[in-house]
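Novice: 3D model of this:
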Amino acid sequence: MTYRAFIVDVFASEALAGNPLAVICGDEFPVRQRMQGIAAEMNFSETTFVRLPARDGKYAVRIFTPVREIEFTGHPLIGTAYVIRRFLGARDRDEIDLETAIGSIRVGFERDADGAEIAWMQGPAMQLGKVLPHDLVCESLGLTVDDLDSDLPVQVVSAGTAALMVPLESADALFRARLDLAQHAALADQGIPKLVYLFCRETRQAAHDFQVRFFFEADGVREDPATGNGAAFFGAYLLEHRPDVAAGFDFSIEQGHGLRRPSLIRLRGKRLADGIDVQVGGSVYEVLQGEMLDA
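Specialist: Coordinates of the predicted model:
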């Protein structure tokens, strides 16, 4: 069976920036072991597999890191929706529905004020979990209590996957941070995820609102150049802990500069009478396309 293959950069303001993604498309999914092998070969933070055509208007998608399958993450779904719309016969659709392990995720497409196309992913239902004392996480991050923002909590947020939100006082603290898995082991034994989203208000460009880094475990510690699910979790976190933005916000987030993959993530949200609405957006750039020879 032949599989079409694409590589795109997500949350990129220019080519070869943002977070690279491989998208593999075919009539059926390869067997799971083969999908895992392909994801390891690609060695991006994630690779997605799409089953064509859509069924009941939804495209089935599976997501793999180099070492395991995961239920939900952001930039792969945004990039996958872009590929489906651009290359797989859905150009006339302004919304793409993706069927994932946690249910249907919708990605819509809009033009911003400058005319750039932005793909917007609707955030799934998210749960705010355990709050940790600030001093409990410092050692595993190579930081001190003074490096953390005392006005905001350290908290787990989840939707299929989960991440630990860590507020920092400065960009200096952000770029000194590291994730030490050995030090984190005691927290992991308590169910604290090995995915850490660190953020601060100090940005490189005054027009932007936050600067972030995201660490995760995949055969050691890796750092993500741009993180969509982390941004969605961050939106839910802000709506819980920043009453001043509950009526609505539209933020821009810098990420990836230390990896020489500058990324810009858009985040908007508001509190509703019956819950919250969080959307994560960004631009997508095409890098290459071809065929998998032995999928």
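
Novice: where do the helices sit along the stretch 1-150 of the chain?
Specialist: Ranges of helices in the stretch 1-150 of the chain, per DSSP state H, counting those that start in this stretch, are 32-42, 74-87, 134-141.

Novice: Which among those is found nearest to Gly160?
Specialist: When those are compared by C-beta to C-beta, helix 74-87 sits nearest Gly160, at 11.3 Å. Backbone N, C-alpha and C define where each C-beta goes, glycine included.

Novice: before we move on, back to that, most tightly surrounded among the helices of the stretch 1-150 of the chain?
Specialist: Comparing the helices of the stretch 1-150 of the chain by mean neighbour count (mean count of other C-beta atoms under 10 Å), helix 74-87 ranks first with a mean of 27.

Novice: hang on, isn't Ser140 packed against Lys194?
Specialist: No - Ser140 lies out of contact with Lys194 (C-beta atoms under 8 Å); the separation is 9.7 Å.

Novice: is Asp282 in a bridge, and if so with what?
Specialist: Residue 282: Gly, not Asp. Ala119 (DSSP bridges).

Novice: Tell me if I'm right that it and Gly18 touch.
Specialist: Yes - between Gly282 and Gly18 a contact is recorded at 7.3 Å, counting by C-beta under 8 Å.

Novice: what is in contact with the two at once?
Specialist: Applying C-beta atoms under 8 Å, 6 or more residues apart in numbering, one finds that Gly282 and Gly18 are jointly contacted by 10-12, 75, 226, 263.

Novice: ok, so of the residues you listed, who is nearest Glu291?
Specialist: When these are compared against Glu291 (criterion: C-beta to C-beta), the nearest one is Val10, at 21.8 Å.

Novice: beta partners for the closest one?
Specialist: Asn19, Val284.

Novice: Chain neighbours aside, what residue packs nearest to the most centrally placed residue in the chain?
Specialist: With distances taken as C-alpha atoms, centre = their mean, Gly228 lies nearest the centre of the chain, 2.3 Å away. Distances taken as C-beta to C-beta, 6 or more residues apart in numbering put Gly74 closest to Gly228, at 1.6 Å, once the chain neighbours are dropped.

Novice: Asp94 too?
Specialist: Counting by C-beta to C-beta, 6+ apart, the residue nearest Asp94 is Phe109, at 5.4 Å.

Novice: can you pull the contacts of that neighbour?
Specialist: Per C-beta under 8 Å, 6+ apart, neighbours of Phe109: 85, 94-95, 117-120.

Novice: Out of these, who's the most crowded?
Specialist: Ala119 (26 neighbours; other C-beta atoms under 10 Å).

Novice: Is it correct that it is in contact with Ile78?
Specialist: Yes - Ala119 lies in contact with Ile78 (C-beta under 8 Å); the separation is 4.8 Å.

Novice: about what we covered before: redo the contacts of Phe109 as JSON lines? Include pLDDT and distance to Phe175.
Specialist: Output for the contacts of Phe109, formatted as JSON lines (pLDDT from 0 to 100; distance: C-beta to C-beta, whole Å):
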{"residue": "Arg85", "pLDDT": "95", "distance to Phe175": "36"}
{"residue": "Asp94", "pLDDT": "91", "distance to Phe175": "38"}
{"residue": "Glu95", "pLDDT": "95", "distance to Phe175": "38"}
{"residue": "Glu117", "pLDDT": "90", "distance to Phe175": "31"}
{"residue": "Ile118", "pLDDT": "95", "distance to Phe175": "28"}
{"residue": "Ala119", "pLDDT": "97", "distance to Phe175": "28"}
{"residue": "Trp120", "pLDDT": "97", "distance to Phe175": "29"}
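
Novice: Tell me the strands beside the helix or strand harbouring Arg271, with direction?
Specialist: Assessed by DSSP states H and E, Arg271 sits inside strand 263-272. Paired strands of strand 263-272, with direction, are strand 249-255 (antiparallel), strand 275-282 (antiparallel) (DSSP bridges).

Novice: deepest of those strands, which one?
Specialist: Counting by mean count of other C-beta under 10 Å, strand 275-282 has the highest mean neighbour count of the strands paired with strand 263-272, with a mean of 22.

Novice: Would you state the helices of the stretch 151-295 of the chain in chain order?
Specialist: Using DSSP H, counting those that start in this stretch, helices in the stretch 151-295 of the chain cover 171-176, 181-188, 228-241.
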